[in-house]
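Peer 1: Dropping a prediction and its sequence here:
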Amino acid sequence: MSFSEWREIKLGDLVEVSSSKRIYAKEYVDSGIPFYRSKEIIEKSKGNDVSTELYISKERFNELKNKFGAPSLGDILLTSVGTLGVPYIVRKEEFYFKDGNLTWIKNFKDNCHNKFIFYWLLSPDGVYQINTRCIGSTQKALTIDTLKKFELKIPPFEEQKAIAHILSTLDDKIEVNNQINKTLENMAQAIFKQWFVDFEFPNEDGEPYKSSGGEMVESELGMIPEGWGVKELGEIIDIIKQGTKPGEHLKDRKYNPIDTLPMKSIAINDFKPYEEAKSSLILFEKYDILIGAMRVYFHRVNLAPYKGITRTTTFVLRSKRIQDVPYNLFLLNMDETIDYAERTSKGSTMPYAVWDNGMSNMLTAYSNKELRNNFFEIIQPMLETIMKRSAENEVLIKLRDSILPKLMSGKIRVPLDLEGDVS
């Protein structure tokens with residue numbers, strides 16, 4: 001193989017670049033075919049659930065699909081307004097998308113592998129062209145015409161296929177780990193709800209407590225199981241305010257600097273180190289619970305997998321006993337808890353949650369220690385698996401990000417006997 005076999009070509013000569021037909025807000029319906037904007041495509045590209053569900057009718061979708069087509073397996077959508085250049089490969093799914101916000105890359109020529117184009121868009125060359133050839137100052141945008149003129153170097157098809165296979169294998173493993181974590185988290189959340197919200201924990205005979213006639217008593221929150229109490233969050237979990245100055249501890253290998261927290265996750269698996277700390281920081285320990293206080297309705301609740309440092313805009317909450325970590329984690333992860341934090345937030349343009357005279361005052365039905373211990377025995381192994389797979393993903397992501405630019409530039413050559421998936 002020779003790098004001379006790579007040829008320079010315009011993106012528009014390899015693929016069709018277009019967009020969708022306009023959909024108006026009045027066409028949204030309560031259920032039907034999902035409708036995605038940039039926000040939803042960015043969430044899907046990260047493997048997250050869509051946080052805002054929008055739909056158009058099946059009839060409207062079929063009308064558009066029959067006349068103009070719809071995204072199909074292997075197509076690429078690219079965010080093209082605001083947050084630029086986030087690519088998403090379409091799977092076996094039906095949806096439509098917002099015109100202008102997203103660009104539709106489809107109809108790949110026979111000498112062009114769709115996943116090679118996907119990874120090229122993530123490469124330094126692709127990112128550079130996206131950032132330097134966009135238009136607008138306050139609201140940056142990529143035009144279809146500009147995208148067609150992007151210039152890239154591509155190897156012969158078989159080498160494109162091999163490169164795509166290596167990178168997608170890493171991404172597939174990351175996705176498998178994410179799916180397992182999501183399944184375990186959903187299972188644990190379901191058990192928490194069954195035991196501590198619906199009061200259907202196993203009684204002495206192993207039967208659901210409430211539906212089997214378990215004794216219920218009056219409380220400030222209504223009927224709760226006999227032997228339970230009502231407590232404020234501040235009574236059962238401590239807030240940690242152990243601060244550090246900018247730059248302090250950042251070179252200490254005992255501490256991991258955490259900047260961004262993933263949405264709707266119970267294990268930190270998306271972070272970037274501080275290059276320069278310009279604000280005060282908070283130290284946290286393994287098994288502390290971290291909640292982003294700014295715009296808390298984003299529902300950022302995380303279990304710390306190691307000792308680290310985070311911003312003061314993050315609540316660092318510590319359980320009084322290690323056995324209460326799973327209980328406290330899922331209590332804080334409840335929609336009702338986040339809703340309470342939102343209602344007691346301060347500020348309008350940039351609302352932020354407060355602990356004292358805020359979240360800490362929320363009342364909750366509090367079970368006996370034995371039941372929380374039983375919950376720990378079942379759930380803690382799940383949490384350990386989640387953290388282990390999240391840590392593995394950190395390694396895989398670093399590996400992928402380190403080899404991607406080298407593969408896409410030809411600095412690392414690959415054998416051509418790899419079996420790549422052209423879908």
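Peer 2: Yep, it's here.
Peer 1: Please, where are all the strands along the stretch 101-250 of the chain?
Peer 2: Counting by DSSP state E, counting those that start in this stretch, the stretch 101-250 of the chain has these strands, from start to end: 102-106, 151-154, 216-217, 224-225, 229-232, 237-239, 243-244.
Peer 1: Name the strands paired with the fourth one and say parallel or antiparallel.
Peer 2: The partner list of strand 224-225 in its sheet, established with DSSP bridges, is strand 216-217 (antiparallel).
Peer 1: And the partner strand, how far out from the chain middle?
Peer 2: 40 Å (C-alpha atoms, centre = their mean, to the nearest Å).
Peer 1: And stretch 400-418, by the same measure?
Peer 2: Distance, centroid of stretch 400-418 to centroid of chain: 27 Å (C-alpha atoms, centre = their mean).
Peer 1: Please enumerate the helices of the chain.
Peer 2: With DSSP state H as the criterion, the chain has helices at 38-45, 58-68, 114-122, 124-132, 144-148, 157-196, 233-236, 325-332, 335-343, 369-409.
Peer 1: least reliable of those helices going by mean pLDDT?
Peer 2: If those are sorted by mean pLDDT, helix 335-343 sits at the bottom with a mean of 88.
Peer 1: And it, what's buried?
Peer 2: 337, 338, 340, 341, 342 (16 or more other C-beta atoms under 10 Å). All C-beta spots, glycine's among them, are computed from the backbone N, C-alpha and C.
Peer 1: got the contact list for residue 289?
Peer 2: Shown in contact with residue 289 (C-beta atoms under 8 Å, 6 or more residues apart in numbering): 237, 301-304, 315-319, 325, 328-329, 332.
Peer 1: Which residue is the nearest non-sequential neighbour of residue 56?
Peer 2: residue 35 (5.1 Å; C-beta to C-beta, 6 or more residues apart in numbering).
Peer 1: Can you report how many residues lie near the one you found?
Peer 2: Residues near residue 35, counting by other C-beta atoms under 10 Å, number 21.
Peer 1: coming back round to it: out of the strands of the stretch 101-250 of the chain, which one sits most buried?
Peer 2: Comparing the strands of the stretch 101-250 of the chain by mean neighbour count (mean count of other C-beta atoms under 10 Å), strand 102-106 ranks first with a mean of 22.
Peer 1: which residues are in contact with that strand?
Peer 2: Contacts of strand 102-106 (C-beta under 8 Å, 6+ apart): 15-20, 36-38, 41, 69, 71-72, 75-80, 97, 117, 142, 144, 147.
Peer 1: next one: stretch 68-82
Peer 2: By C-beta under 8 Å, 6+ apart, stretch 68-82 touches 20-21, 36, 38, 41-42, 61, 64, 85-92, 94-97, 100-106, 108, 114, 117-118, 121, 139-143, 147, 422-423.
Peer 1: Domain map for the protein?
Peer 2: Domain assignment for the chain by automatic domain parsing gives 3-154, 184-371.
Peer 1: Please tabulate these in JSON lines, including the columns distance to residue 407.
Peer 2: Output for the domains of the chain, formatted as JSON lines (distance: least, C-beta to C-beta, whole Å):
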{"stretch": "domain 3-154", "distance to residue 407": "8"}
{"stretch": "domain 184-371", "distance to residue 407": "22"}
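Peer 1: Would you single out the least confident of the ones you listed?
Peer 2: domain 184-371 (a mean of 81).
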